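Peer 1: A structural model of the following input is requested.
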Amino acid sequence: FEIVTAAGDAAALPTVAEGMTIFEYVPDIDDKEKNWIAWIVPEWKPPKKLNFSSLLIPTLDSVRIDFIMTIMGQIPRTRSCFQSTLVVGSPGTAKTSTCLMYMAKFPLATVATKRANYSSATTPMGNQKTIEAEVERKTGKTFCPPGGKEMIVFLDDLSMPVINTWGDQITNELTRQLIEQNGFYFLDKDKRGDFKTIEGLKYLGAMGHPGGGKNDIPPRLKSKFLCVNMVPPLQSSVENIYGSILKASFTAKRGAKPEVQAKCQALVPATIDIWEKVKKSLLPTPARFHYIFTMRELARVFQGIQTTPMDSVPNETLLIQLWRHESTRVFADKLARIVDKEFVDKQVQEFCLQHFGEDMAEKTSQKVAGEVWFADFQRDSEDEVVPGCGAGGKMGATAWDYCYNPVQAGASATDSIGVQDLRVYG
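Peer 2: This is a model prediction of the structure:
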């Protein structure tokens, strides 16, 4: 910016609002003057059936990556451009979701899509057969997607295939040949040695940052992609994502009371504050290498809240107790030391006081309300469960049975029960 200003061309840059960067702006391609405008995030319309794991909500970061993918898909294929984009980023930065959103915007009548999940067990033969299963013969030894469509192939976790003794990632060498040479060799005995040409394919890739035990991909394969780095979303984007989900979940149509609808939006900043505090304070060490708190932990909190039936949270007090339970379940259950668990409990109490007031923090605290836990195993029982009641009799026996029967345990949060000195994980 300083260099452009010194050259007298500051007018060519956008006027950046406080707290934002130049990357939040883009030239308006529909304007003759190509004036700068802020990126526009399309409004998310919730589907009729809310399935948390399949929800794809656009954010500022996904819109920018989508724009780059679109431009790459429009550039004609040449010896130096393969119409392919590789998204690289740390866990939980929505690499996969962004690629799926990009593929979902194309009409199925003209564009087919294929997602190939790579892993350490992916072999060259398995990789080739995955692609061959999606194409049909066009002429001779030339193949294409069914109906002459274009096909977008999404290569997820591209860096996962194993590296052999000689340092080669042979599965990805075949992937490189497919992208660069538009095909690979026949595996059939009668045609072995003949080259199978596959037309009409474009490629998207996603992988984590190499290092820390994670593989890189071969440089020759990397050169076939435009590589873009996906950073963790801004707090405003995170609030938009989970705020939209909770707003769509806690509606009068689904049976949510007005006081619950009014309070649910406050859960988002409170959860983000806990996540940020825990992430900065409980850092991984060689002995506690699993102390990693990514966006996925944040998502698990809201997933537990979103999947809870409305009749289990008839008032705002139980909503806050549900939030405290899910926050403790996600952030504290993976911790290895009592002192760390007590730290999380303290943060939950402090941020509950900060966001929901002294009265609500006192009413839902463990000293006043006791331990209130949410689980769904009581729905298989004929016994009625009063939200927030103590554990006793058949309900206590059922809880112990589920604790010692891991095959049946592990359900999501629905009903609430109070269990003293017993933790039931949903």
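Peer 1: what's the weakest-modelled helix or strand in this structure?
Peer 2: strand 415-418 (a mean of 40; mean pLDDT, DSSP states H and E).
Peer 1: Which residues does the top helix by length along the chain contact?
Peer 2: The residue-count maximum for a helix in the chain (DSSP state H) belongs to helix 338-356. Residues outside helix 338-356 that contact it (C-beta atoms under 8 Å, 6 or more residues apart in numbering): 263, 266, 269-270, 273-274, 277-278, 281-282, 320, 324, 327-328, 331-332, 335, 360-361, 364-366. To be clear about C-beta, it is placed using only N, CA and C from the backbone, and glycine gets the same treatment.
Peer 1: which among those residues end up buried?
Peer 2: By neighbour count, with 16 or more other C-beta atoms under 10 Å, the contacts of helix 338-356 hold 263, 266, 269-270, 273-274, 277-278, 282, 320, 324, 327-328, 331-332, 335, 360-361, 364-365 as buried.
Peer 1: Inside helices: which ones of the residues you listed?
Peer 2: 263, 269-270, 273-274, 277-278, 320, 324, 327-328, 331, 360-361.
Peer 1: How about the secondary structure of residue 374?
Peer 2: What DSSP: H, G, I helix; E, B strand; the rest coil gives for residue 374 is strand.
Peer 1: What's the local residue count around it?
Peer 2: 26 (other C-beta atoms under 10 Å).
Peer 1: and what of residue 162?
Peer 2: 14.
Peer 1: Might one say that it is in contact with residue 169?
Peer 2: Yes. Between residue 162 and residue 169 there is a contact under C-beta atoms under 8 Å: 7.4 Å.
Peer 1: anything in contact with each of these two?
Peer 2: With C-beta under 8 Å, 6+ apart, residue 162 and residue 169 have common neighbours residue 215.
Peer 1: Can you name the residues that contact residue 67?
Peer 2: residue 26.
Peer 1: Pop out the phi and psi values for it.
Peer 2: Here is the backbone geometry of residue 67 (degrees, to the nearest 10): phi -60, psi -40.
Peer 1: How about the contacts made by the residue nearest the centre of the chain?
Peer 2: Among the residues of the chain, the one closest to the centroid is residue 94, at 4.4 Å (C-alpha atoms, centre = their mean). By C-beta under 8 Å, 6+ apart, the contact set of residue 94 is 59, 61, 62, 230, 233, 295.
Peer 1: Just among these, which is most surrounded?
Peer 2: Busiest of the contacts of residue 94 [other C-beta under 10 Å] is residue 62, holding 25 neighbours.
Peer 1: Chain neighbours aside, what residue packs nearest to that one?
Peer 2: residue 98 (4.3 Å; C-beta to C-beta, 6 or more residues apart in numbering).
Peer 1: chain center to the host helix or strand of that neighbour, what's the gap?
Peer 2: Per DSSP states H and E, residue 98 falls inside helix 95-104. Helix 95-104 sits 10 Å away from the centroid of its parent chain (C-alpha atoms, centre = their mean, to the nearest Å).
Peer 1: Give me the helices and strands touching that helix, please.
Peer 2: helix 60-74, strand 84-89, strand 150-156, strand 201-207 (3 or more C-beta pairs under 8 Å, 6 or more residues apart in numbering; DSSP states H and E).
Peer 1: May I see the buried residues of the helix or strand following it?
Peer 2: Next along the chain after helix 95-104, taking DSSP H and E as the criterion, comes strand 111-117. Using 16+ other C-beta under 10 Å as the test for burial, strand 111-117 gives 111, 112, 113, 114, 116.
Peer 1: and strand 111-117, which strands flank it?
Peer 2: Sheet partners assigned to strand 111-117 using DSSP bridges are listed as strand 150-156 (parallel).
Peer 1: any residues touching the partner strand, and which ones?
Peer 2: 73, 96, 99-100, 102-103, 106, 110-118, 131, 134-135, 145, 175, 200-206.
Peer 1: then it to CSV, C-alphas only?
Peer 2: Extracted as CSV, the C-alpha positions of strand 150-156 are listed here (Å, rounded to 0.1, in the frame of the first residue of the first chain):
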residue,chain,number,x,y,z
GLU,A,150,-18.3,-32.2,-18.2
MET,A,151,-17.2,-33.7,-14.9
ILE,A,152,-15.7,-32.1,-11.9
VAL,A,153,-13.5,-34.5,-9.9
PHE,A,154,-12.9,-33.5,-6.3
LEU,A,155,-9.8,-35.2,-4.8
ASP,A,156,-10.3,-34.8,-1.1
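Peer 1: what angle sits between that strand and helix 60-74?
Peer 2: Between strand 150-156 and helix 60-74, the angle comes out at 130 degrees (axes from the mean of the first three to the mean of the last three C-alpha atoms, to 10 degrees).
Peer 1: following strand 150-156, which helix or strand comes up?
Peer 2: Trace forward from strand 150-156 with DSSP H and E and the next one is helix 170-181.
Peer 1: Counting by contacts, list what that next one packs against.
Peer 2: Against helix 170-181 (3+ C-beta pairs under 8 Å, 6+ apart) you get helix 124-132, strand 183-185, helix 219-222.
Peer 1: buried set for the longest one?
Peer 2: Judged by neighbour count using 16+ other C-beta under 10 Å, the buried positions of helix 124-132 are 124, 127, 128, 130, 131.
Peer 1: same question, stretch 171-190
Peer 2: 171-179, 182-184, 186.
Peer 1: Determine which two of those are furthest apart.
Peer 2: Between any two of these, the greatest separation by C-beta to C-beta is 20.5 Å, found for 172 and 186.
Peer 1: angle of the helix holding residue 98 against strand 150-156?
Peer 2: Using the same axes, to 10 degrees: helix 95-104 against strand 150-156 is 170 degrees.
Peer 1: From the rest of the structure, what touches helix 95-104?
Peer 2: Contacts of helix 95-104 (C-beta under 8 Å, 6+ apart): 56, 58, 61-62, 65-66, 69-70, 87-89, 113, 115, 152, 154, 156, 204, 206-207, 230.
Peer 1: repeat for stretch 109-123
Peer 2: By C-beta under 8 Å, 6+ apart, the list of residues contacting stretch 109-123 reads 100, 103, 106, 127, 130-131, 134, 145-146, 149-162, 171.
Peer 1: Among those, name the buried ones.
Peer 2: Looks like the contacts of stretch 109-123 have 100, 103, 127, 130-131, 134, 145, 149-161, 171 buried, using 16+ other C-beta under 10 Å.
Peer 1: ok, residue 223 to residue 84 distance?
Peer 2: Counting by C-beta to C-beta, to the nearest Å, the gap from residue 223 to residue 84 is 10 Å.
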